[in-house]
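Enquirer: Structure, please.
(2 chains, ligands or ions: 2)
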Amino acid sequence: MSTAHAAASPDSDAVQELESQFDATIARDQRIEPRDWMPEGYRKTLVRQIAQHAHSEIIGMQPEGEWITRAPSLRRKSILFAKVQDEAGHGLYLYSAAETLGIDRAELTQRLLEGRQKYSSIFNYPTPSFADVGVIGWFVDGAAICNQVPLCRSSYGPYARAMVRICKEESFHQRQGYELLLTMMRGTREQREMVQDAVDRWWWASLMMFGPPDDDSPNSAQSMAWKIKRHSNDELRQRFVDMTVPQAAKLGVTLPDPELRWNEERGHHDYGTPDYSELKRVISGDGPCNAERMERRRAAHEEGAWVREAASAHAAKQAARARAEAAA
Amino acid sequence: MSDTQNEKREWPLYEVFVRGKRGLNHVHVGSLHAADDQMALTHARDLYTRRNEGVSIWVVRSEHIAASTRDEKDPFFAPSADKVYRHPTFYDIPDDVPHI
Ligand SMILES: [Fe+2]
Ligand SMILES: [Fe+2]
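Expert: Ligands and ions are numbered 1, 2, ... in the order given. Predicted coordinates:
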C-alpha cells in the first residue's frame, strides 16, 4: 500500500524500542514495509536513491529514443520502441515505490526539473550513430543488471519488488543490444568501425555508472549497513568488467583500456582507473548533453500539461454527471 | 470543489491488483496515477501487463483502502495467536489410522 506515515515519537524509550525492532528486522534479513517505523535517515536515503533511479530511467529514454524514427528496419524500430517503453515503465515502478515512503510523485518530478535531484551520469552522453543503440543495450543495460540484481534483495520491500520486475525486463534490453552489434559486425568494414567507435566512446562512461571508487563513496557504508545496498561500487564494477571482457572477444571488438588483463592470482581482470574527475563534472551538470536532456524533459512536462488538465476536467464532468443521475 | 480546482489537482493515486492467470488470486503489483477509473485500468494494462502478466486487473483508489496498524505485534492479531486448536497438528491421532 502507499500509505506511509512518519512515526510520531512520544518519548525516547518508545523510539528506542522501535529502533531496535527495526534493527532486528534488518538483522533477520527481513523486509521493511511501508507502514513500518523506520529511522528518518533510512527513509531519506531511500527517497533519494529511488527517485534518482526513477529519474534515470525516464531521462534514459532520450539518448536511444532519438533513433526510433531513424531505425534502419521495421524490426529494429519495433524492438527499440518496446525497449524505450520498458524504460518508461521502470521509471513508473520506481516512482510508485518512492511514493510508499510518503512522498508525492509530482514533488519528485518538480525536484528533478529544478535540478535538486540527479539522474545517472551515463545519459548525458550523445548517441551520434546507430551502433550506440547496440552499445547502450550491451554496456549500459548490462551495467544496470549488475547494479540491480542485488537490489532485488534490498531491505525495503517496495524497492526490492520493483527491482525484480525491472530485472526481468533488462535481460531483453541487453540481448537486443548485443544481437544488434553482432549483426553489424557481420556487415561491412564501415559498420564494424562504427561498432568499435561506439565501444570506445561508451566504455569508460559505463564503468563510471557504478559511482565513485569505494574510498571516495561516503554514504556507501551506511547504505550497506541498512542493506539497501548489498555490494560496494568497486565490487560491482569488477563484476561488470569480468562479465564484459569475454563478450567483447566474441564480438570481435577491443575494449579501450591498455591495462586490461586477466589476473590469475585474483581470479579477476585488472583494469585501468576511469577518469573520476569527468564523473564529477558530468554529475555536477557539465556533461556533453546535460542541458539538452533537462531541456527536453522540461518541454515534455510542459507540453503534456494540457493533456493532464483535460483528463482531470473530463473525470470531474463524468463524476458530476454520475452524481446528478444518482440524485434524479 | 470547483472544476478549476479539480484540474489543478494531481491525478489521484490508484493501487493495482493483477490476476496472473485463471485460478490465481489478484495480487497487488504497485500503484499509478490516473484521472479516473477507466484511465487507471488502461494505464495499469500498459504498465503492469506488457508481457502477458495478467488476465484480469483491479484498480482501487488508494484512499479507499483501510489497513491494519503498522505494528507486527499489534493486539489486532492477538485473537489468532493463542488458538493452537485451529491447526490440524494440535490433534494426536494414532499412526495406524489411515487417510487422516
Ligand atoms: Fe531500465
Ligand atoms: Fe534497460
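Enquirer: So what's the residue count around A:R35?
Expert: 18 (other CB atoms under 10 Å in any protein chain shown). For every residue, glycine as well, the C-beta is placed using N, CA and C.
Enquirer: A:V135 too?
Expert: By the criterion of other CB under 10 Å, A:V135 has 28 neighbours.
Enquirer: So it: helix, strand or coil?
Expert: helix (DSSP: H, G, I helix; E, B strand; the rest coil).
Enquirer: What distance do you get for it to chain B?
Expert: 24 Å (CB to the nearest CB, to the nearest Å).
Enquirer: Verify the contact between A:P274 and A:M208 for me.
Expert: Yes: using CB atoms under 8 Å, A:P274 makes contact with A:M208 at a distance of 5.1 Å.
Enquirer: who's more crowded, these two?
Expert: Per other CB under 10 Å, whichever of A:P274 and A:M208 has more neighbours is A:M208, with 23 against 20.
Enquirer: Dihedrals phi and psi, the more buried one?
Expert: Per-residue torsions, A:M208: phi -80, psi -10 (degrees, to the nearest 10).
Enquirer: The residue of the stretch 51-200 of chain A found nearest ligand 2: which element?
Expert: The stretch 51-200 of chain A approaches ligand 2 most closely through A:H173 (3.7 Å), counting by CB to the ion. Using DSSP states H and E, A:H173 sits within helix A:157-185.
Enquirer: Any part of that helix near ligand 1?
Expert: No: for helix A:157-185, no contact with ligand 1 is found by CB under 5 Å from the ion; the gap never falls below 5.8 Å.
Enquirer: Could you check that helix against chain B for contacts?
Expert: Yes: Helix A:157-185 is in contact with chain B by CB under 8 Å from any CB of the partner chain, via A:158, A:161-162, A:165, A:169.
Enquirer: For residue 25, which non-adjacent residue is spatially closest?
Expert: Assuming you mean chain A. Nearest residue to A:T25, sequence neighbours excluded (CB to CB, 6 or more residues apart in numbering or on different chains): A:I32, at 6.2 Å.
Enquirer: wrong one, I was asking about chain B
Expert: Spatially, and ignoring its direct neighbours in sequence, B:N25 is nearest to B:R19 (7.0 Å; CB to CB, 6+ apart).
Enquirer: Torsion angles phi and psi at the one you found?
Expert: B:R19 adopts backbone torsions of phi -90, psi 110, taken as degrees, to the nearest 10.
Enquirer: With just CA atoms, put the helix or strand harbouring A:T45 into PDB.
Expert: Using DSSP H and E, A:T45 maps to helix A:40-59. Extracted in PDB, the C-alpha atoms of helix A:40-59 (Å, rounded to 0.1, in the frame of the first residue of the first chain):
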ATOM      1  CA  GLU A  40      14.400   9.200   9.200                       C
ATOM      2  CA  GLY A  41      17.900   8.700   7.700                       C
ATOM      3  CA  TYR A  42      16.800   5.400   6.200                       C
ATOM      4  CA  ARG A  43      13.700   7.000   4.700                       C
ATOM      5  CA  LYS A  44      15.600  10.000   3.300                       C
ATOM      6  CA  THR A  45      18.300   7.800   1.800                       C
ATOM      7  CA  LEU A  46      15.700   5.600   0.100                       C
ATOM      8  CA  VAL A  47      13.800   8.500  -1.300                       C
ATOM      9  CA  ARG A  48      17.000  10.000  -2.700                       C
ATOM     10  CA  GLN A  49      18.200   6.700  -4.200                       C
ATOM     11  CA  ILE A  50      14.800   5.500  -5.600                       C
ATOM     12  CA  ALA A  51      14.000   8.900  -7.000                       C
ATOM     13  CA  GLN A  52      17.400   9.200  -8.600                       C
ATOM     14  CA  HIS A  53      16.900   5.800 -10.100                       C
ATOM     15  CA  ALA A  54      13.400   6.600 -11.400                       C
ATOM     16  CA  HIS A  55      14.700   9.900 -13.000                       C
ATOM     17  CA  SER A  56      17.500   7.900 -14.700                       C
ATOM     18  CA  GLU A  57      15.000   5.600 -16.300                       C
ATOM     19  CA  ILE A  58      12.900   8.500 -17.600                       C
ATOM     20  CA  ILE A  59      15.800  10.600 -18.800                       C
END
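Enquirer: So what touches it?
Expert: With contacts defined as CB atoms under 8 Å, 6 or more residues apart in numbering or on different chains, helix A:40-59 is touched by A:6, A:22, A:32, A:87-88, A:90-92, A:94-95, A:97-98, A:101-103, A:108, A:111-112, A:117-120, A:123, A:156, A:159, A:219, A:222-223, A:226, A:228, A:293, A:297.
Enquirer: mind listing the helices for chain A?
Expert: Using DSSP state H, the helices of chain A run over A:12-27, A:40-59, A:61-65, A:74-99, A:105-113, A:131-135, A:141-148, A:157-185, A:189-207, A:220-225, A:233-251, A:276-283, A:290-303, A:305-327.
Enquirer: next one: chain B
Expert: For chain B, the helices defined by DSSP H cover B:3-8, B:37-48, B:78-81.
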